[in-house]
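Asks: predicted model, plus sequence, below.
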Amino acid sequence: MPPALHPDGRPMLIGSQPLQDHEQATQLVLRHVPEIPNWVQLPVYPQEGMVAQFAPGMPGLVSADDRIYVDTSRDDFDARMVAFFEAYLGVMEQPEQLDESPFALDPALAKGFFSLLAALADRRPAELFAVKGQITGPFTFCTGLTDQDRRAIFYDDALRDAAVKMMAVKAAWQVRQLARFQVPVILFIDEPALAGYGSSEFISISRQDIVQCLSEVIQAVHDQGGMAGVHVCANTDWSLLLEAGADIVNFDACGYFDKVMLYGKQLAEFIGGGGCLAWGMVPTGDADQVAEATLDGLWADWQAKVAQLAAIGLDPRTIRRQAFITPSCGTGSLPPDAGAKVLALTRDLARRVRAD
């Protein structure tokens with residue numbers, strides 16, 4: 001386990017932005033959240049989608065007809081699986097090989113990652129407290145990527161095992177790269193598909209399977225000394241994330257705080273044990289919602305929500321000490337001016353929280 005972190009209300013962002021230039025987006029991050037900068041994902045580029053950006057390295061991967069999928073019917077599929085697991089075992093035995101392994105992020109697909117590395121190497125912010133990376137979560141990845149018959153690879157035990165291990169070592173690679181700045185590394189596992197857990201779409205998927213997948217990625221982050229956060233931008237069974245060993249739970253406090261409070265006792269134990277909540281206090285649902293948001297309104301909302309947590313026995317000082325302030329989700333689907341306002345509100349709300 002990494003050492004406990006006390007963010008004390010510092011601001012942090014989710015990865016996506018509604019821009020076309022990675023360096024411009026990176027500088028926007030550094031201007032608004034120099035304490036905990038993150039690398040950016042720009043969804044205007046299809047290759048930076050949640051599956052596409054992290055799929056390279058998956059055995060049997062095919063890109064054809066505007067689709068990415070795994071073809072298990074190929075004559076060389078078994079050989080590719082063997083080669084994959086040999087590479088995986090190699091980096092597990094010698095983690096230093098990760099840096100030059102097939103599990104490294106591709107600069108053509110993750111320009112934001114390499115833009116952040118260059119920007120921090122060129123000018124390290126004096127306020128630097130931690131640095132943040134992110135990866136698509138194993139559940140979202142394995143239910144989003146399909147085989148040649150359009151069946152999600154989650155339902156194939158061998159493919160799921162390979163995919164989870166691939167995401168784990170890609171997460172570990174990020175932590176190793178970001179550790180060069182000698183501040184705590186936070187690696188977010190983005191799991192939007194967990195909002196569907198328990199629905200008819202995923203009725204056959206067990207709780208144990210999800211916890212096991214998440215735990216494997218979280219453990220890989222821990223093994224490299226990083227802190228693992230899990231981001232779900234809607235409602236889910238929040239106890240899954242706690243059971244899987246997350247250090248940080250990021251939730252949409254704008255739309256789902258009442259649902260999260262159903263797990264109040266577990267969250268109180270989580271925070272009391274050193275866990276952190278990343279409060280998605282700044283709305284990102286649509287441009288109208290962003291336009292209506294004000295700093296005074298968000299501050300009043302924060303105070304009211306802290307009071308609700310305090311009512312179940314948590315000291316407000318502890319709540320703040322173990323809190324990050326974030327947008328409710330990424331800004332990639334917003335107009336650029338609305339996205340910029342979200343970043344400014346996140347920064348300004350965090351300043352007010354920290355000054356209180």
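Replies: Alright, I've got the coordinates. Predicted model, so just to flag it, every value in this text is computed and none were measured.

Asks: what's the helix or strand for the most far-flung residue of the chain relative to its centre?
Replies: Note on the chain: the largest C-alpha distance from the chain mean falls to Asp75, namely 35.6 Å (CA atoms, centre = their mean). Counting by DSSP states H and E, no helix or strand carries Asp75.

Asks: the one 3 residues further on now?
Replies: Under the criterion of DSSP H and E, Asp78 resides in helix 77-93.

Asks: which regions of the stretch 1-150 of the chain sit below the pLDDT cut-off?
Replies: Within the stretch 1-150 of the chain, the stretches with pLDDT under 70 are 1-3.

Asks: one more time with 90, if that's ok
Replies: 1-4, 15, 64-66, 92-102 (pLDDT under 90).

Asks: next one: the stretch 251-356 of the chain
Replies: Looking at the stretch 251-356 of the chain by pLDDT under 90, you get 313, 356.

Asks: and the longest helix for this protein?
Replies: helix 157-178 (DSSP state H).

Asks: which other helices and strands contact the helix or strand following it?
Replies: Once helix 157-178 ends, the next helix or strand along the chain (criterion: DSSP H and E) is strand 185-190. Applying 3 or more CB pairs under 8 Å, 6 or more residues apart in numbering; DSSP states H and E, we find strand 185-190 packed against strand 131-136, helix 157-178, helix 207-223, strand 227-231, strand 248-252. Using the backbone N, CA and C atoms, a C-beta is placed for each residue, glycine as well.

Asks: buried sites along the helix holding Asp78?
Replies: Residues Arg80, Met81, Phe84, Ala87, Tyr88, Val91, Met92 are the ones in helix 77-93 that count as buried (16 or more other CB atoms under 10 Å).

Asks: do stretch 327-339 as well
Replies: Buried residues in stretch 327-339 (16+ other CB under 10 Å): Pro327, Ser328, Cys329, Gly330, Thr331, Gly332, Leu334, Ala338, Gly339.

Asks: who are the neighbours in contact with Val353?
Replies: Val353 makes contacts with Gly9, Trp299, Trp302, Arg320, Ala323, Ile325, as judged by CB atoms under 8 Å, 6 or more residues apart in numbering.

Asks: which ones among these map onto helices?
Replies: Short answer: the contacts of Val353 in helices (DSSP H) are Trp299, Trp302, Arg320.

Asks: now render the contacts of Val353 as TSV, adding neighbour count and distance to His32.
Replies: Shown next, in TSV, are the contacts of Val353 (neighbours: other CB atoms under 10 Å; distance: CB to CB, whole Å):
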residue	neighbour count	distance to His32
Gly9	22	15
Trp299	16	18
Trp302	22	18
Arg320	18	20
Ala323	25	18
Ile325	29	12
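
Asks: Ile210: which of the residues you listed is nearest?
Replies: Nearest to Ile210 among these is Ala323, at 25.8 Å by CB to CB.

Asks: surely that closest one and His6 touch.
Replies: No - using CB atoms under 8 Å, Ala323 makes no contact with His6, being 9.5 Å away.

Asks: send the alpha carbons of stretch 185-200 over as PDB?
Replies: Extracted in PDB, the C-alpha atoms of stretch 185-200 (Å, rounded to 0.1, in the frame of the first residue of the first chain):
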ATOM      1  CA  VAL A 185       1.500   9.300  -8.400                       C
ATOM      2  CA  ILE A 186      -2.300   8.900  -8.600                       C
ATOM      3  CA  LEU A 187      -3.600   6.500 -11.200                       C
ATOM      4  CA  PHE A 188      -7.400   6.800 -11.900                       C
ATOM      5  CA  ILE A 189      -9.200   3.700 -13.200                       C
ATOM      6  CA  ASP A 190     -12.200   5.100 -15.300                       C
ATOM      7  CA  GLU A 191     -15.200   2.800 -15.000                       C
ATOM      8  CA  PRO A 192     -18.300   4.400 -16.500                       C
ATOM      9  CA  ALA A 193     -19.700   1.000 -17.400                       C
ATOM     10  CA  LEU A 194     -20.000   0.200 -13.700                       C
ATOM     11  CA  ALA A 195     -23.100   2.400 -13.800                       C
ATOM     12  CA  GLY A 196     -24.800  -0.600 -15.500                       C
ATOM     13  CA  TYR A 197     -23.800  -3.100 -12.900                       C
ATOM     14  CA  GLY A 198     -26.900  -5.000 -11.700                       C
ATOM     15  CA  SER A 199     -28.900  -4.100 -14.900                       C
ATOM     16  CA  SER A 200     -30.300  -6.600 -17.300                       C
END
